[in-house]
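Enquirer: heads up, no residue letters with this:
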């Protein structure tokens with residue numbers, strides 16, 4: 001392993017011959033080249049949205065021209081928001097780097113610690129540095145997040161958050177991020193300090209273990225802090241899921257429904273867990289007519305039914321007529337629209353059959369293995385680079401070489417070309433896996449309901465069915481709806 005790192009050091013020896021200012025601007029320019037490429041792709045997608053289209057033949061049974069127009073409007077609004085936000089972040093980051101904010105905040109952190117007689121304590125200084133940037137990032141991100149949820153999403157009928165919910169959610173995210181990030185960063189820096197020549201192996205093992213630990217802790221203990229999770233009620237859907245899991249030998253432990261409707265009208269489904277304890281999570285917005293508060297409502301109705309003498313039939317009829325009369329047409333349309341959203345039981349089952357396909361074909365295990373191998377490689381590269389003074393001088397650290405800054409500079413800037421290529425490769429692989437999972441569902445005779453479910457999800461999430469091919473290939477981890485429907489139809493015929 002030391003020999004491997006030594007070879008990598010030789011490969012990067014050319015960096016020592018580059019002037020620090022030249023290196024800084026080269027890295028900064030490359031980040032802008034990547035950004036310009038992203039903006040070019042977004043421009044292509046934006047032009048695609050602006051082009052007039054009619055409802056594709058595959059969706060004429062579920063989508064109207066009005067719904068297509070709304071989906072286009074939603075897509076355009078999101079694209080404009082994302083572009084403005086992205087450009088702002090890029091300009092902000094560039095300005096902060098040019099004025100030397102990294103060494104300034106690092107020095108400020110050291111001065112604060114020195115005032116409490118903590119001098120030359122790199123780990124504490126790193127903690128304070130991270131904390132300052134986390135608070136800054138949270139505060140500067142609030143206006144953007146607020147606009148996205150309470151203006152953009154609200155305009156298109158997706159936002160379900162209250163402002164109190166938003167404030168609490170933001171505070172909880174900051175606290176959870178702090179509790180997780182600071183100890184992990186501190187231990188990682190300590191490992192690099194004392195690990196010797198093999199520190200990158202210990203660092204890789206540590207982050208791998210932490211990743212697996214968080215993967216277990218998050219859905220069981222952290223996610224419930226933000227959303228309500230209830231077991232799926234007994235019924236046909238639950239029984240069907242359990243039968244399908246048993247048929248496929250899927251180690252199902254529990255089935256939860258998350259109250260996504262309290263946050264957004266978007267829907268999803270996934271499973272998590274290790275070994276013999278898999279758990280399925282369904283958004284309540286995915287299941288047609290499902291409500292996590294239904295049990296309480298049913299209890300109230302039952303109590304009312306137990307005391308019929310309190311309300312006569314005539315009084316009920318009169319009240320019903322008056323209530324109906326008071327409602328306007330818009331309210332009726334909104335209520336009907338909400339009731340129509342979501343998937344039928346066989347469609348939900350088909351969506352889960354797709355997810356079972358990922359499990360059966362070991363897609364999650366493959367992705368995890370690739371991620372951990374990649375993590376090992378980047379830590380090996382870090383070991384070959386982090387002692388090179390030119391990298392620190394390029395970002396204004398002329399007297400010190402903090403490990404935290406080395407991690408930031410190398411992972412975020414030096415490795416950015418590799419990260420782009422690796423991310424694109426994962427996107428290509430993910431699209432392939434999605435086709436395979438769809439094929440898995442088709443082979444189990446769930447192709448037709450899966451197609452219907454995908455159509456409904458497209459309508460409910462107000463997704464625009466047309467995409468620029470280059471934008472989709474580069475960004476979409478899932479094939480487009482039209483691609484999936486075409487492939488499902490072909491597989492069914494075969």
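Expert: Received it, and whenever you're ready, just let me know what you need. All values derive from a computational prediction rather than experimental measurement.

Enquirer: going along the chain, name the strands of the protein.
Expert: 229-231, 252-258, 269-272, 278-283 (DSSP state E).

Enquirer: buried set for the second one?
Expert: Looking back up the chat, that one is strand 252-258. 252, 255, 256, 257, 258 (16 or more other Cβ atoms under 10 Å). All C-beta atoms are positioned from the backbone trio N, CA, C, and that covers glycine.

Enquirer: again with the first one
Expert: Within strand 229-231, the residues that count as buried by 16+ other Cβ under 10 Å are residue 229.

Enquirer: what's it packed up against?
Expert: Secondary-structure packing of strand 229-231 (3 or more Cβ pairs under 8 Å, 6 or more residues apart in numbering; DSSP states H and E): strand 252-258.

Enquirer: and for the strand it packs on, what are the contacting residues?
Expert: 223, 227-232, 238, 241-242, 245-246, 273, 276-284, 287, 290, 292 (Cβ atoms under 8 Å, 6 or more residues apart in numbering).

Enquirer: over to stretch 465-476?
Expert: With Cβ under 8 Å, 6+ apart, stretch 465-476 has contacts from 41-42, 44-45, 47-48, 51, 53, 56, 59, 63, 68, 71, 424, 427-428, 431, 458, 480-482.

Enquirer: which ones are touching residue 453?
Expert: Contacts of residue 453 (Cβ under 8 Å, 6+ apart): 343, 347, 348, 350, 351.

Enquirer: got it, and residue 230?
Expert: Counted by Cβ under 8 Å, 6+ apart, residue 230 has contacts 256, 257, 259, 292.

Enquirer: now, which of those sits nearest residue 160?
Expert: The shortest approach to residue 160 among those belongs to residue 259, at 9.6 Å (Cβ to Cβ).

Enquirer: disregarding residues adjacent in the polypeptide, which is nearest to the closest one?
Expert: residue 228 (4.1 Å; Cβ to Cβ, 6 or more residues apart in numbering).

Enquirer: quick one: contacts for the one you found?
Expert: Per Cβ under 8 Å, 6+ apart, neighbours of residue 228: 258, 259, 262, 292.

Enquirer: re earlier: output the buried residues of strand 252-258 as CSV; include the columns distance to residue 117.
Expert: Shown next, in CSV, are those (distance: Cβ to Cβ, whole Å):
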residue, distance to residue 117
252, 56
255, 55
256, 50
257, 53
258, 48
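
Enquirer: among those, which one lies nearest to residue 126?
Expert: Nearest member of those to residue 126, counting by Cβ to Cβ, is residue 258, at 35.3 Å.

Enquirer: relative to residue 409, how far out is the closest residue to residue 97 other than its chain neighbours?
Expert: Distances taken as Cβ to Cβ, 6+ apart place residue 28 nearest to residue 97, at 6.6 Å, with adjacent residues excluded. Separation of residue 28 from residue 409 (Cβ to Cβ, to the nearest Å): 12 Å.

Enquirer: for residue 378, same thing?
Expert: Residue 378 is 13 Å from residue 409, by Cβ to Cβ.

Enquirer: which of the two has more residues huddled nearby?
Expert: Neighbour totals were compared for residue 378 and residue 409, and residue 409 leads with 24 against 17 (other Cβ atoms under 10 Å).

Enquirer: before we move on, back to that, out of the contacts of residue 228, which are buried?
Expert: 258, 259, 292.

Enquirer: of those, closest to residue 404?
Expert: Once Cβ to Cβ is applied, the member of those that ends up nearest residue 404 is residue 258, at 35.3 Å.

Enquirer: relative to the whole chain's centre, how far out is the longest helix that the chain contains?
Expert: Using DSSP state H, we find that the single longest helix of the chain is helix 65-98. Centroid displacement of helix 65-98 relative to its chain, using Cα atoms, centre = their mean, to the nearest Å, is 17 Å.

Enquirer: please identify the buried residues of it?
Expert: Buried, per 16+ other Cβ under 10 Å, within helix 65-98: 68, 70, 71, 72, 74, 75, 77, 78, 79, 81, 90, 97.

Enquirer: hmm, residue 25 and the last one touching each other?
Expert: By that I understand residue 97. No - the pair residue 97 / residue 25 is not scored as a contact, 10.2 Å apart, by Cβ atoms under 8 Å.

Enquirer: done for today, thanks.
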